[in-house]
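> Have a look at this prediction, sequence included:
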Amino acid sequence: DRVRQAALSQVSEAEQSELNLKAARIKTKHLSEQEADEDLFYIANHFIASEKLIHDATEKIQLASFAHRAGEKARNASAFDGAINYFDAARRHLNFENNYHLLYDVYLKQAECYYLTGKYKEAETDLDFLYNKSTSRIDKLNTLFVKVYLLNIQDNKLPAIEAARKGYSLFNIYMPRSKA
């Protein structure tokens, strides 16, 4: 690793970005999907390190997809801070108009990572934004589920109940405000 670092120190930042992009392209072109999954972090990191050189819309989606998958893998391994970084990279290359489902998933999982690392304000901000962007009742409800967990973990019981009440109301279910 020190030899690699010494060699890279002799290369300009622009050349390093080009090398990263070439490495990511070679890996994605010549590996099967299963092999690419095994090298997921390697590919995602190379794409992210070269993202300023990527102008093709299809390749931006590919970068976002690898970053999303790497974020999921990091999240599943409880590496929440790493997952947040991967999800950030995916968000930079997606929009709700063209990539709704993928971007919805990125926002939701990143919000979970935020609250699991104690970044409650970031989680709540993202969840509120995601709720407003959600196009279906089920997506709104799933967003509210995470918000209820977030509020509960902070011991904000009344706002958690209100968020749950809001979720029930999406499906015309009445949740009483007081004991019967």
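Perfect, thanks for sending it. Since this is a predicted model, take the numbers as computed values, not measurements. Numbering: from 1, shown residues only.
> Residue 73 touches residue 39, doesn't it?
No: between residue 73 and residue 39 there is no contact under Cβ atoms under 8 Å: 11.5 Å. Where C-beta positions appear, they are placed from N, C-alpha and C, glycine not excepted.
> Who are the contact partners of residue 63?
Contacts for residue 63 (Cβ atoms under 8 Å, 6 or more residues apart in numbering) come out as 24, 44, 47, 48, 51, 54, 89, 90, 93.
> Quick check: the fifth one vs residue 143, distance?
When Cβ to Cβ, to the nearest Å is the yardstick, residue 51 and residue 143 sit 27 Å from each other.
> I'd like to know how many residues surround the closest residue to residue 134 other than its chain neighbours.
Excluding its sequence neighbours, the residue lying closest to residue 134 (Cβ to Cβ, 6 or more residues apart in numbering) is residue 140, at 4.4 Å. Number of residues near residue 140 (other Cβ atoms under 10 Å) recorded here: 18.
> Settle this for me: residue 140 is touching residue 168, isn't it.
No: taking contacts as Cβ under 8 Å, residue 140 lies outside contact range of residue 168: 11.5 Å.
> what comes into contact with the one helix or strand in the chain whose mean pLDDT sits lowest?
Using mean pLDDT, DSSP states H and E, helix 2-9 stands out as the lowest-scoring helix or strand of the chain, at a mean of 76. Here helix 2-9 makes contact (Cβ under 8 Å, 6+ apart) with residue 16.
> Equivalent analysis for stretch 41-52, please.
Residues outside stretch 41-52 that contact it (Cβ under 8 Å, 6+ apart): 16-18, 20-21, 23-24, 27-28, 36, 54, 62-63, 66-67, 69-70, 73-74, 86, 89, 92-93.
> before we move on, what about stretch 130-143?
With Cβ under 8 Å, 6+ apart as the test, stretch 130-143 has contacts from 96, 100, 104, 107, 108, 111, 127, 144, 147, 167, 170, 171.
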